[in-house]
Each structure stands twice: as structure tokens, then as C-alpha cells.
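1. A structural model of the following input is requested.
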Amino acid sequence: MKIVIVGSGYVGLVTGACFSEVGIEVVCVDVDREKIENLNKGIIPIYEPGLTDMLTRNMKKGRISFTTDIASAVKDCEVVFISVGTPPDEDGSADLKYVLSVARDCGRNMKDYLLVVTKSTVPVGTSKKVKLAIQDELNKRNADIKFDVASNPEFLKEGAAIADFLKPDRIVIGLETQRSEELMKSLYKPFTMNGHPLIFMDIVSAEMTKYAANSMLAAKISFMNDIANLSEIVGADINQVRKGIGSDSRIGNKFIYPGIGYGGSCFPKDVQALIRTAGEYNYDLRVLKAVEAVNKDQKLVLFNKINNFFDGDLNGKTIALWGLSFKPQTDDMREAPSLVIVQKLLEAGAKVRAYDPVAVEEAKHHFGDSIDYFDDQYEALIDADCVAILTEWPEFKFPNFKIVKKLLNFPAVFDGRNIYDKDDMFEDGFNYFCIGIDTKKITTSNAAPVQVMESLV
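-> Presented below is the predicted three-dimensional model:
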């Protein structure tokens with residue numbers, strides 16, 4: 001079987017690599033000529049564990065190739081996956097121009113039956129627009145060619161996308177005909193032989209499933225961050241609260257870790273798009289609006305803690321940051337909390353020294369030379385007045401705290417991911433501030449710790 005994947009970004013490359021891994025012939029198409037040239041040289045534009053090795057292996061075996069020529073790619077394939085971007089407009093709605101452009105390309109160039117599958121995250125009702133766009137191009141050609149459309153939303157976690165695709169929790173497919181169902185069953189058979197469920201439904205329900213899933217996870221995160229802030233005010237320990245509620249099977253222990261807000265390519269965009277879709281039907285998604293508002297505020301919490309520690313005067317202070325990507329195991333900085341925190345620090349007159357294992361080059365696109373970048377986590381601490389942990393990369397979990405304390409001007413650590421034990425930090429003589437726990441403050445001269453109630457504002 002030969003398939004075409006249009007869009008060689010995160011979803012397209014992972015999807016193409018994994019399909020080729022099981023022996024399917026894959027052609028990846030993208031309009032970005034430089035990206036395609038680099039891919040053909042083995043230069044992968046994104047960081048995802050295991051992806052480079054998988055793509056390189058299957059390129060050598062001739063199972064996957066890259067091109068900018070969508071016309072020739074579409075002519076002799078059975079299935080086209082649309083995996084292009086759907087960036088949010090200013091009003092929060094998803095921009096479908098790239099999706100519909102691919103649909104029109106399919107209509108212009110298809111020679112025989114074709115199944116066009118939307119894998120991009122798209123608003124409810126998009127598949128109808130895709131179908132109309134294809135049919136419109138066929139009508140212009142006076143071509144009577146049968147085709148089907150389907151929706152196959154992705155549920156990949158950045159940093160674990162390969163495992164998610166090869167061993168999925170579930171595969172959701174929305175479709176309309178028996179022919180398209182048989183094609184998708186055949187395509188996904190290698191991934192369902194070990195019992196991973198293939199769930200068929202109507203197209204509208206499949207489109208809604210993607211948004212509902214991401215919005216539910218975003219809601220859990222914002223709820224826990226709200227509870228964390230309240231816990232800190234009243235003197236509760238959010239880590240203990242999390243354990244207490246996470247043991248309830250109705251709630252579970254996933255996505256209930258407090259922090260500095262969710263980011264990435266999915267949650268922020270999908271929450272906004274679902275709110276927008278509801279508005280188009282005159283329905284007010286009040287819970288999701290609150291989820292979005294809490295998340296926006298949460299990205300300021302760590303900055304406020306740093307600002308309060310220095311008595312509201314950050315002018316001339318040097319702040320070291322560990323982590324810039326929105327989560328570990330990715331260089332993705334879309335909607336990352338670091339974008340907000342760095343901006344606020346710079347506006348307050350602070351200097352920023354930053355280290356991230358893989359996201360520095362991506363960070364330069366956002367910050368340019370307004371901050372300093374380092375290749376070593378300890379080098380970033382030299383002459384810094386404090387360090388803030390923004391991403392819970394594994395290498396940050398057990399640093400040499402003797403070196404940390406020696407390099408910093410003040411023994412102050414602001415932990416936006418709650419990866420350290422507060423008692424250990426206090427015992428080592430650090431001013432330590434995290435999320436959802438009322439903490440001690442130690443004077444910068446390393447005098448004995450005293451209890452303080454820390455303000456969130």
C-alpha cells in the first residue's frame with residue numbers, strides 16, 4: 001500500500017515514520033522546499049526521541065521519501081493524510097486555509113479512487129468542507145472519480161510520540177463508507193494486532209473527540225493549578241493533596257501535577273478553537289473559558305514569586321532559567337510558559353541567562369539576543385541572583401546543589417515544576433519557592449530560616 005502524507009511537521013513526520021516502519025510505502029509532501037531538501041539529507045527539523053533513527057532507517061530501505069510535488073504524489077496513491085498546520089486566528093478559531101488547499105490539490109490531481117483523511121486537528125465540520133473542496137475541483141475537470149473523506153485525529157504526546165503511535169491507547173476514525181473502513185482497517189492492522197482498539201464512528205464525532213480529549217486534560221491541569229494556589233494560601237501541601245485525590249480511580253493520577261501552566265501546540269489552540277466553535281452555535285462553554293483564564297494567570301505565578309523575593313525590584317538582577325521548552329523531551333516552545341516569564345523579566349529590567357538541553361535554537365527565534373544562552377546548566381548560574389526551573393528535564397532533578405549554591409549570588413531556587421523536596425532544600429540553606437506549598441524564606445546571608453506567608457500577587 002502506498003500513502004501520501006501532506007505536511008512534514010511534527011504529526012506528519014511521526015505518522016510517516018511509523019507507517020514506513022511497518023512496511024508501508026510513504027511519500028511525505030511539504031511546500032517548504034528547504035525543509036524537504038534537508039529531510040532528504042537526513043536533517044530532521046524537530047526534536048523527538050527516536051524519530052531521526054526511524055526516518056533514517058526507513059529512508060535507506062526506500063520505504064519513505066520526501067517531495068514538494070503533490071501532483072505526482074497523489075496520482076498513484078490510495079490514501080492521503082492531511083497533516084498540515086491549523087494555526088489559530090486572532091479570534092481563536094482554527095485557520096483551515098492549508099487544509100483546504102491540500103483538499104483542492106487532491107481534487108485537481110487524483111486519477112482514481114482516493115481516501116482523503118484529515119489528521120490535522122480541525123474544528124467540527126471541517127471534513128464537510130474538505131469534501132466540498134475536492135468535489136468542486138473534480139467538477140471543474142468534469143471528472144467522475146469516486147472518493148471518500150475521513151477523520152483520524154492524532155493523540156500523540158510530544159516526547160513519547162513514537163511509542164504512542166506504535167502502541168496507541170486507541171485509534172479513532174470517523175468515516176462514512178464501508179470501503180473507507182476496510183482501507184483504514186488494513187492500514188492500521190499492524191498497530192492493532194496486540195489488542196489496541198480501533199474505534200470507528202461518524203466523522204463529526206471523531207472531530208469532536210479530539211477537542212474534547214485535549215480540553216479535558218487542559219481542564220485537569222488548570223483545576224489543579226487553581227487548587228495549588230489556594231493550598232499555598234491556606235497552608236496545605238499540594239503534593240499531599242495530589243496524592244490524596246490521585247488515588248481515587250475516578251480521578252486518577254495523570255495530569256494533576258501543579259506547575260506554571262500548560263503550553264505546546266495542542267492544548268492552548270484546541271481549547272480556544274472549541275470555545276470558538278461553541279460560540280458559533282450560540283453556546284457558552286463557561287468551564288473551558290475558566291480553564292483558559294486560569295492557565296493564562298498561572299504563567300505569571302513564578303514571575304510574581306521572583307519579583308516578591310527581590311521586593312519588587314528586578315532592575316539589574318540576573319535570573320538564570322533552567323528549561324525553555326513547554327515540556328521535557330521536545331524543543332517545542334509554542335505557548336510555553338517561558339515565553340511569558342522571560343518577557344516579564346525583561347520588562348522588569350532583569351537580565352536572563354538560559355539553558356535548555358534541546359530548545360536553545362528554537363528559543364533564539366523567539367528571544368533573539370535579548371537573553372544569554374548557555375550549553376551547560378551550571379554555566380548559566382554564574383553571577384545569577386537566583387535560578388528558576390521552567391521545564392522538568394531529567395538532568396535538572398538531581399543537580400549538584402553545592403555547585404548551585406556556590407555559583408549563585410543568592411541561594412534562591414524557584415521551582416516551577418515541584419521537582420525538589422522543600423525540606424531538603426531548606427536544610428541545604430536555600431530560599432526555595434515552588435507551586436502550591438507555603439514555604440520558608442531564608443535571608444540572603446544564610447541566617448536561620450523563618451516562617452513567612454508568601455503572596456501569590
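2. tell me, what residue is most central in the chain?
-> Closest to where the C-alpha atoms of the chain average out (C-alpha atoms, centre = their mean) is G264, at 3.1 Å.
3. assign that residue to helix, strand or coil.
-> coil (DSSP: H, G, I helix; E, B strand; the rest coil).
4. gap between Q135 and M201?
-> 23 Å (C-beta to C-beta, to the nearest Å). Just so you know, the C-beta spots here come from the backbone N, C-alpha and C atoms, and that holds for glycine as well.
5. wait, D375
-> D375 sits 48 Å away from M201 when distances are taken as C-beta to C-beta.
6. what about the two, which has more around it?
-> M201 (15 against 9; other C-beta atoms under 10 Å).
7. that older thread, is it true that the residue nearest to the centre of the chain touches D332?
-> Yes - under the criterion of C-beta atoms under 8 Å, G264 makes contact with D332 at 5.9 Å.
8. overlap in contacts of the two?
-> Residues touching both G264 and D332 (C-beta atoms under 8 Å, 6 or more residues apart in numbering): E158, F326.
9. what sits against K243?
-> Counting by C-beta under 8 Å, 6+ apart, there are no residues that K243 touches.
10. can you check D375 too?
-> Here D375 is in contact with Y355, V360 (C-beta under 8 Å, 6+ apart).
11. so it, which of the three states?
-> coil.
12. hmm, L230 and V241 touching each other?
-> No - if you go by C-beta under 8 Å, V241 and L230 don't touch, sitting 9.7 Å apart.
13. so which of those two has more stuff around it?
-> V241 (19 against 14).
14. now the residue nearest to the centre of the chain, nearest residue through space, not along the chain?
-> Using C-beta to C-beta, 6 or more residues apart in numbering and skipping the chain neighbours, the partner closest in space to G264 is F326 (4.6 Å).
15. number of nearby residues for A293?
-> A293: 12 neighbours (other C-beta under 10 Å).
16. so it belongs to a helix, correct?
-> Yes - per three-state DSSP, A293 lies within a helix segment.
17. what sits against the spatially most distant residue from the centre of the chain?
-> What lies farthest from the middle of the chain is N142; by C-alpha atoms, centre = their mean that is 42.6 Å. Not one residue lies near N142 by C-beta under 8 Å, 6+ apart.
18. roughly how far does it sit from V149?
-> In terms of C-beta to C-beta, N142 sits 21 Å off from V149.
19. N431 now?
-> Counting by C-beta to C-beta - N431 and V149 are separated by 57 Å.
20. more neighbours, the two?
-> A count of neighbours by other C-beta under 10 Å puts V149 above the other of N431 and V149, at 29 against 22.
21. the one helix or strand that one maps to packs against which elements?
-> Assessed by DSSP states H and E, V149 sits inside strand 147-151. Using 3 or more C-beta pairs under 8 Å, 6 or more residues apart in numbering; DSSP states H and E, the elements in contact with strand 147-151 are strand 114-118, helix 126-141, strand 171-174, helix 178-192, helix 203-234.
22. tell me the buried residues in the second one?
-> This points to helix 126-141. The neighbour-count check on helix 126-141 (16 or more other C-beta atoms under 10 Å) flags T126, S127, K129, V130, K131, A133, I134, E137, L138 as buried.
23. turn these into JSON lines, including distance to R108.
-> Converted to JSON lines, those look like this (distance: C-beta to C-beta, whole Å):
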{"residue": "T126", "distance to R108": "19"}
{"residue": "S127", "distance to R108": "19"}
{"residue": "K129", "distance to R108": "16"}
{"residue": "V130", "distance to R108": "14"}
{"residue": "K131", "distance to R108": "15"}
{"residue": "A133", "distance to R108": "10"}
{"residue": "I134", "distance to R108": "9"}
{"residue": "E137", "distance to R108": "5"}
{"residue": "L138", "distance to R108": "9"}
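24. can you list the low-confidence ranges for this structure?
-> Scanning the chain for pLDDT under 70 picks out 90, 92, 440-457.
25. per the record, what domains does it have?
-> For the chain, the structural domains run 2-201, 210-297, 299-451, going by automatic domain parsing.
26. now do the same end-to-end measure for the shortest one.
-> This means domain 210-297. End-to-end distance of domain 210-297 (C-alpha to C-alpha, to the nearest Å): 25 Å.
27. now that domain: how far from the chain's centre is it?
-> 15 Å (C-alpha atoms, centre = their mean, to the nearest Å).
28. residues near I403, how many?
-> Quick note: I403 (other C-beta under 10 Å) scores 12 neighbours.
29. that one contacts E379, correct?
-> No - at 10.7 Å, I403 and E379 do not qualify as touching, with contact defined as C-beta under 8 Å.
30. need the CA coordinates for the helix or strand containing N58. PDB is fine.
-> In this assignment (DSSP H and E), N58 forms part of helix 51-60. This file holds the C-alpha atoms of helix 51-60, laid out as PDB (Å, rounded to 0.1, in the frame of the first residue of the first chain):
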ATOM      1  CA  LEU A  51      12.400   9.900  15.200                       C
ATOM      2  CA  THR A  52      15.700  10.600  13.500                       C
ATOM      3  CA  ASP A  53      16.800   6.900  13.700                       C
ATOM      4  CA  MET A  54      13.500   5.600  12.500                       C
ATOM      5  CA  LEU A  55      13.400   8.000   9.500                       C
ATOM      6  CA  THR A  56      17.000   7.300   8.600                       C
ATOM      7  CA  ARG A  57      16.500   3.600   8.700                       C
ATOM      8  CA  ASN A  58      13.400   3.600   6.500                       C
ATOM      9  CA  MET A  59      14.800   6.100   4.000                       C
ATOM     10  CA  LYS A  60      17.700   3.700   3.400                       C
END
